[in-house]
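[1] structure for this input, please:
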Amino acid sequence: MSNALNIEQPLVGVGVMVMRDGEVLLHKRKNAHGEGEHASPGGHLEHGEAFAACAQREVAEECGIEIANVRFHFLSNIDIWKPRHYVHIGLLADWRAGEPQVLEPEKCEGWDWYSLDALPEPLFYATLQQMHAFRDGVNYVDLPIR
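    The predicted structure is shown next:
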């Protein structure tokens, strides 16, 4: 299977809001859209993969921690990174074990736990939506009507 992204059809992204003791895990992105912005772990859903399995895989690959209690958080339709168009599935998970490590240094400047009242800026667009969903209970964001 090729790692090339087909930007002629929507991609499915999965973002995982990992919580530990009232704090959320974020990293600073690099070498991708949203470079320099803080984001939750996540990535592309693979063909035939369950959402929770994708969340567990991405979190393990990116920062080496274990998560539990993976559950639905929100759904979003994002086209701000044109020509890429994403259907973004936001999930919530609880930290289970391990300390975050930079396992993909080409994509990440570092991991840290942040209070929801003191988030770093700027936030990656999907992570901004994630925080909005968490605080305000919004679980569906569609594209504006054009």
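[2] distance from the lowest-mean-pLDDT helix or strand in the chain to the middle of the chain?
    Using mean pLDDT, DSSP states H and E, strand 140-141 stands out as the lowest-scoring helix or strand of the chain, at a mean of 92. On the basis of Cα atoms, centre = their mean, to the nearest Å, strand 140-141 sits 15 Å off its chain's mean C-alpha point.
[3] of all the residues in stretch 21-41, which ones are buried?
    For stretch 21-41, a neighbour-count test (16 or more other Cβ atoms under 10 Å) marks 23-29, 34, 37-41 as buried. Using the backbone N, CA and C atoms, a C-beta is placed for each residue, glycine as well.
[4] contacting residues around stretch 21-31?
    Contacts with stretch 21-31, where a contact means Cβ atoms under 8 Å, 6 or more residues apart in numbering, come from 17-19, 35-41, 62-63, 65, 95, 100, 102, 106-116, 119-120, 124, 127.
[5] repeat that for 7 Å
    Residues from elsewhere that reach stretch 21-31 (Cβ atoms under 7 Å, 6 or more residues apart in numbering): 17-18, 35-41, 100, 106-116, 120, 124, 127.
[6] just stretch 62-75 next, same as before
    The contact list for stretch 62-75 (Cβ under 7 Å, 6+ apart) reads 16-18, 41, 52, 55-56, 59, 89-98, 100-101, 103-104, 108, 111, 129-130, 133, 138-141.
[7] switch the cut-off to 6 Å
    With Cβ atoms under 6 Å, 6 or more residues apart in numbering as the test, stretch 62-75 has contacts from 18, 41, 52, 55, 59, 90-94, 96-98, 100-101, 103-104, 111, 133, 139-140.
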